[in-house]
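S.K.: Provided below for reference: sequence and predicted model.
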Amino acid sequence: MPWASPRLVPLLLYRRALANHNRRAAPLMEEESMITTLRFTPTWLAAGLFVLAGCGDKSPKQASAKEPGAPEPTVSVASESTPAPAEPVTVSTAPVSFETAEAAFRERRYADAVRDFTAYTADRPGNAWGFYMLGLSSWKAGNLTAAEEALRQALSIDPTHVKSYVNLSRVLLDAGQPDSAIAMLDTVLKIDDSLGEAYRLIGRAHDAKGERDEAVTAYHEALVLDSTDVWSMNNLGHTLILQGAFDEALRPLARAVELVPEVATFQNNLGIALERTGHFTLAAEAYRAALAADSGFTKASVNLQRVETLKEDPNIPPVDLKSLSQEFVQQISSWANEGE
């Protein structure tokens, strides 16, 4: 399917293209994540295999990259929040309040939350929020099939329940069904076309399909709607790395790190972009920052060990990450102007 350049497509044209795409999309399948395996040649990048895995934009996922003759470097992908392996669920016959069930979810006792929301929805079969929370709890407990069923039930009760569409798209991405996820998100945009999160997830769906230009376009749209969306910045940087556009990837990653320096995934991806542009000293600093944020981030440790063996070319012009971050802010403004 032909698509226009992501740097030229204004908002309305993108939406029209998205609608045309969805009319041709495959029947429903399943949901979400973002882990990447990259293989780099001695000329830095030869090929990349991108596999989605995750949802929520809050828990980092890692990915690996291998360069012949060197330890294994790694690019971390934007994972919003990945479900755990399926947990056994008990059945409750006693009445359960929404607050009790929600408390189990917030305390990350997902099997208990599934049990409690199952009981809650049995008593209140017309409550969309109950099925929505049952879907989230099932997803977090690792049961994608049950999550999809519950979220679709929520939508059958309330066809305008945006959160159910959004999180169903995440379930579908985790289940490896990016076309179905895009169809859900297209419905979201018909209800609320100002939701940047929907464009971010559309970007992830295109990334899952290997459609890098379309993914970049979607991340642009997400950032036009929310210029502080650090996960869209990270995802954009990650996709640009996959395209071999390491210089271009520096800007969104520098901005993400400036806004939220404590996320190991952001620091690690910035390190990769810096390393691939020859800025080994700054790359090492980024990998160290990733490890400071998450001492168990072994892939950042491997990256650091590798980059510390490399000698930086003194003829390479220095890079100012703060300036690059501000340049990215200006880029977002220019994209917004293109869509007017």
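M.R.: Here it is on my side, so go on.
S.K.: Please work out how many residues are found near V319.
M.R.: Neighbour count of V319, defined by other Cβ atoms under 10 Å: 16. Any C-beta I mention is one placed from the backbone N, CA and C, and that applies to glycine too.
S.K.: chain center to the strand or helix carrying A150, what's the gap?
M.R.: Per DSSP states H and E: A150 is located in helix 144-157. Taking Cα atoms, centre = their mean, to the nearest Å, one finds the center of helix 144-157 at 22 Å from the center of the full chain.
S.K.: CA atoms only: put the helix or strand following it into CSV for me.
M.R.: Following helix 144-157 in sequence order, the next helix or strand is helix 162-174 (DSSP H and E). The C-alpha trace of helix 162-174 is given here as CSV (Å, rounded to 0.1, in the frame of the first residue of the first chain):
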residue,chain,number,x,y,z
VAL,A,162,-12.9,5.1,24.5
LYS,A,163,-10.7,3.4,27.1
SER,A,164,-12.0,0.0,26.2
TYR,A,165,-11.2,0.6,22.5
VAL,A,166,-7.7,1.9,23.4
ASN,A,167,-6.9,-1.0,25.7
LEU,A,168,-8.4,-3.6,23.4
SER,A,169,-6.0,-2.3,20.7
ARG,A,170,-3.2,-3.0,23.2
VAL,A,171,-4.5,-6.5,23.8
LEU,A,172,-4.7,-7.0,20.0
LEU,A,173,-1.1,-5.8,19.6
ASP,A,174,0.1,-8.2,22.2
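S.K.: Just name whatever secondary elements helix 162-174 is in contact with.
M.R.: strand 47-53, helix 128-140, helix 144-157, helix 178-191, helix 196-208 (3 or more Cβ pairs under 8 Å, 6 or more residues apart in numbering; DSSP states H and E).
S.K.: switch to 6 Å and redo it
M.R.: helix 144-157, helix 178-191 (3 or more Cβ pairs under 6 Å, 6 or more residues apart in numbering; DSSP states H and E).
S.K.: could those be laid out in CSV, adding distance to G296?
M.R.: Output for those, formatted as CSV (distance: least, Cβ to Cβ, whole Å):
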stretch, distance to G296
helix 144-157, 26
helix 178-191, 30
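S.K.: Next, count neighbours for T277.
M.R.: Neighbours of T277 using other Cβ under 10 Å come to 17.
S.K.: wait, doesn't it sit right on F246?
M.R.: Yes: using Cβ atoms under 6 Å, T277 is in contact with F246, at 5.0 Å.
S.K.: neighbours of A293, just the number please.
M.R.: Neighbours of A293 using other Cβ under 10 Å come to 19.
S.K.: Tell me which residues touch it, please.
M.R.: Going by Cβ atoms under 6 Å, 6 or more residues apart in numbering, A293 touches 262, 264.
S.K.: Report pLDDT for it.
M.R.: Here, the pLDDT recorded for A293 equals 97.
S.K.: Give me the distance between it and M133.
M.R.: 30 Å (Cβ to Cβ, to the nearest Å).
S.K.: Same question for L270.
M.R.: Taking Cβ to Cβ, one finds L270 at 36 Å from M133.
S.K.: So for those two, which residue has more residues nearby?
M.R.: L270 (30 against 25).
S.K.: hang on, that one packs against A284?
M.R.: No: taking contacts as Cβ under 6 Å, L270 lies outside contact range of A284: 11.6 Å.
S.K.: Pull the number of nearby residues for Y165.
M.R.: 26.
S.K.: Is Y132 in contact with A154, as I believe?
M.R.: Yes: counting by Cβ under 6 Å, A154 is a contact partner of Y132 at 4.4 Å.
S.K.: if you count what's nearby, which of those two comes out ahead?
M.R.: Between Y132 and A154, counted using other Cβ under 10 Å, the more crowded position is A154 (27 against 24).
S.K.: measure the closest residue to that one other than its chain neighbours to L168 for me?
M.R.: Leaving aside its chain neighbours, A154 sits nearest to F131 (3.8 Å; criterion: Cβ to Cβ, 6 or more residues apart in numbering). Distance, F131 to L168, using Cβ to Cβ: 11 Å.
S.K.: okay, these two: which has more neighbours?
M.R.: Applying other Cβ under 10 Å to F131 and L168 shows that L168 carries more neighbours, namely 31 against 27.
S.K.: Show me the shaky parts of the chain.
M.R.: 1-93, 339-340 (pLDDT under 70).
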